[in-house]
Each structure stands twice: as structure tokens, then as C-alpha cells.
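> quick check, what structure comes out for this input:
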Amino acid sequence: MLSYALRRLAWSAATLFVMSLLVFAGVYAIGNPVDLLINPQADQAEIARATALLGLDRPLWEQYWLFFRGVLGGNLGISFAASVPAITLILERMPATLELALTAMLIAITLGIPLGLLSGLRPRSWLARTIMVLSTLGFALPTFWVGLMLIMVFSVQLGWLPTTGRGATVDVFGIPLSIFTVDGLRHLLLPATTLALFKLALLIRLTRAGTQDAMLQDYVRYARAKGLSERAVVQSHVLPNILIPIVTVAGLELGSLIAFAIVTETVFAWPGMGKLLIDSINVLDRPVIVAYLLATVCLFILINLLVDLLYAVLDPRVRARDTQ
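All right, here's what the predicted structure looks like:
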């Protein structure tokens, strides 16, 4: 198990290095932030001074080397717009994004697995058909439209929930969280539901397909032949066997929730990393953009690593195959 984890860590480090090259080259090749950060009436001398101050007058390879050396020391650069370390801005916004993404995934798992299981066990019932229709809508409806409709219904028309912001927070080990306050939960409910809709539909269909396939296997027939009740067959044989692909997909989708929560955060003015990214793109704040992308890649790699390790725990065949 230790060698398996070390190999995964080595691959993760290599992936992070390659992504840093791609991210740096892509972001630093687009636009000139000096044009947005200084007075449009500035003369060439002022533009040259601002360019040199930001280090943009150096060759791209030298800029990357300075950036990479700073990363090794925990420094991802200084924000052009805020004049503070970019990593500081990212870490200030990260708890809000992680809280939103984790809550959305919790909603998707809590509802998706039972509904998919029910739909797979009784595929011809009217309830199963209703579940599948709703899951199709979850795939088809755009996230921004769902968010706007939820705001229109539950905030504007009914006045039950707030439209924007994060609400009251409490510090847990120095991390501000809104999930532990009533006001914070009221602010969290709409954006988390919006973000969870697509993942909920995905987990319903994945669980349904896995359940239908498992019900046709020989071990289920044998369990029934031994006289086990239908509930015992599902709990002891069907559910454990369909959890492995569900765990894998849920882990990968959690990474995508963190990376692509930008639209939801923008619609609900949620003060997370996604909204910070949009604000930084508007002024071409390159250090913050690069810091955001690298932080997201790190989170994605970490989640994939944890999923790989959990997969190996759930299925020993993975460890055996990997050590061959």
C-alpha cells in the first residue's frame, strides 16, 4: 500500500509541474495588464516603469523561472491589483468555495444514490420513470438558468431565502464557515442546490445502471436461492458492489465542482475563488489567475490521489494489479 501511494504521489508531482508550465504560458501570453492598471493618459516612460516594476519586461522563460522558484518557497507572486500575495487572496476565498462544493456534493450523494437505487430496483414503476425524467432535466438545464429561477421563486416571489452573499460565519480552527449558522445555511441552500443539480442527475443514472447490472449477476441469484430477503440482498451484495464506481465518479466530480463553481458563485455573488477569478480576469491580474489555476489543479490532484487510495482499499485487486 505504501509503494502504491508513493507512485501516485510521484505522478501527481509530475502532473503539477506540467500543468504549471501550461498555465503559466497560457495566462502570461494573453493581454497586457499594464494597459488596464495604469492611467490611459500615461506616457511611454510611465508604461515602461510599470512594466519593469511588474517584471513583465523580462523574457517569458525568465519570468517562469522566477515564478517556479517562488512556488518552491510558497510564493505565487504579488497581486497586480491588490498588491498583496496572490496566495493570500486564494486562501481567503478557498473556504467559501470548498464549503459550497462539499455541500453540493453531499446533497448529490445523499439524494442521488437512494433515488438511483430505487429506480434500478423498480425500473418499470411510475416513480422510477419520474426520477429518470427529473434526472434528464438535471442534465439539460443550464446552471445559470437554474440559479436565476431559484432566485426568482424562493427569493423574489416567496421571500424565503436570500439572493446573494454568504451570510453569517463562525470560525472553526480559524476557518470561517457559514454552514454552522442559521443565516449561513439560508445563504448556502440555493447556490449549493444549483451546483448539485447536474451531479445529482449523474449519480442517479450511475447508481441506476449499476443496480440493474448487479441484479443480473450470479451472486445475487445465489443469495436469493439461500433465502435472503430482498433488502438483505441489496444491502449485503448489490450496494457494496456498485459503490466502487460511484466513489470514483463522486471524487472526480467533486474536483470539477471546485474547479467549475465559477458560474454559480457569479450568479449568487458567493465570495469564493471563482468570483475572485472573474474579478482578476477583468483586470488581467496574472498572479492571482495563475495562483487560482494552480490551487485548483492541486485540489484536483489531491482528490484524485485520495480516490485512487480509497479505490485500492475498496478493491484489493487494484493493489495487486498495480504491483505486478
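
> residue ranges of the helices in the stretch 51-200 of the chain, please?
Counting by DSSP state H, counting those that start in this stretch, the stretch 51-200 of the chain has helices at residues 60-72, 86-121, 126-140, 143-150, 182-214.

> for stretch 135-145, measure first residue to last.
In stretch 135-145, first residue to last residue: 16 Å (CA to CA, to the nearest Å).

> could you list the buried residues of that stretch?
135, 138, 143 (16 or more other CB atoms under 10 Å). No exception for glycine: its C-beta is placed from N, CA and C like everyone else's.

> now name the helix or strand holding the most centrally placed residue in the chain.
Nearest residue to the geometric centre of the chain (CA atoms, centre = their mean): residue 258, 2.0 Å. Using DSSP states H and E, the element containing residue 258 is helix 239-259.

> what's next to the helix or strand just after that helix, contact-wise?
Next helix or strand after helix 239-259 toward the C-terminus (DSSP H and E): helix 262-267. Outside of helix 262-267, the residues within contact range by CB atoms under 8 Å, 6 or more residues apart in numbering are 97, 100, 143-144, 147-148, 151, 191, 194-195, 270-275, 277-278.

> helix/strand/coil for residue 216?
coil (DSSP: H, G, I helix; E, B strand; the rest coil).

> quick check: phi and psi on it?
Main-chain torsions, residue 216, degrees, to the nearest 10: phi -100, psi 0.

> poorly predicted segments of the stretch 101-250 of the chain, please.
Within the stretch 101-250 of the chain, no stretch has pLDDT under 70.

> what's the separation between residue 264 and residue 292?
16 Å (CB to CB, to the nearest Å).

> go on, residue 185?
Counting by CB to CB - residue 185 and residue 292 are separated by 27 Å.

> rewinding a little: the residue nearest to the centre of the chain contacts residue 298, correct?
No - at 10.5 Å, residue 258 and residue 298 do not qualify as touching, with contact defined as CB atoms under 8 Å.

> since we're on residue 160, how many residues are nearby?
Neighbour count of residue 160, defined by other CB atoms under 10 Å: 11.

> which residues are in contact with it?
The neighbours of residue 160, taking CB under 8 Å, 6+ apart as the test, are residue 154.

> phi first, then psi, for it.
Torsion angles, degrees, to the nearest 10, at residue 160: phi -80, psi -40.

> I figured residue 254 was touching residue 302, is that so?
No - in this structure residue 254 lies outside contact range of residue 302 using CB under 8 Å: 10.5 Å.

> would you mind telling me which of these two has the busier surroundings?
Legend: neighbour count by other CB under 10 Å for residue 254 and residue 302, higher for residue 254 (25 against 12).

> follow-up on the earlier one: run through who's touching the helix holding residue 258.
97-98, 101-102, 104-105, 108-109, 113, 117, 195, 199, 202-203, 206-207, 210-211, 214, 217, 296, 299-300, 303-304, 306-307, 310-311, 314-315.

> JSON lines for the helices of the stretch 51-200 of the chain, including distance to residue 21?
Formatted as JSON lines, those follow (distance: least, CB to CB, whole Å):
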{"stretch": "helix 60-72", "distance to residue 21": "7"}
{"stretch": "helix 86-121", "distance to residue 21": "18"}
{"stretch": "helix 126-140", "distance to residue 21": "34"}
{"stretch": "helix 143-150", "distance to residue 21": "30"}
{"stretch": "helix 182-214", "distance to residue 21": "30"}
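
> from residue 188, how far off is residue 243?
From residue 243 to residue 188 the distance is 27 Å (CB to CB).

> comparing those two, which shows the higher neighbour count?
Taking neighbours as other CB under 10 Å, residue 243 and residue 188 compare with residue 188 leading, 25 against 15.

> now do the more buried one against residue 226, distance only.
For residue 188, the distance to residue 226 - CB to CB - is 46 Å.

> would you confirm that residue 280 contacts residue 293?
No - here residue 280 does not reach residue 293: they are 10.6 Å apart, not a contact under CB under 8 Å.

> who's more crowded, the two?
Neighbour count, other CB under 10 Å: between residue 280 and residue 293, residue 280 has more, with 25 against 19.

> burial measure for residue 21, as a count.
By other CB under 10 Å, 11 other residues sit near residue 21.

> same check on the one 4 residues further on?
Taking other CB under 10 Å as the neighbour definition, residue 25 ends up with a count of 13.

> for it, helix, strand, or coil?
helix.

> the nearest residue to it once chain neighbours are set aside: neighbour count?
Leaving aside its sequence neighbours, residue 25 sits nearest to residue 60 (CB to CB, 6 or more residues apart in numbering; 7.2 Å). As a burial measure, residue 60 scores 12 neighbours (other CB under 10 Å).

> same question for the one 3 residues further on.
Look at residue 63: counted by other CB under 10 Å, it has 18 neighbours.

> same check on residue 237?
The number of residues packed near residue 237 is 19, by other CB under 10 Å.
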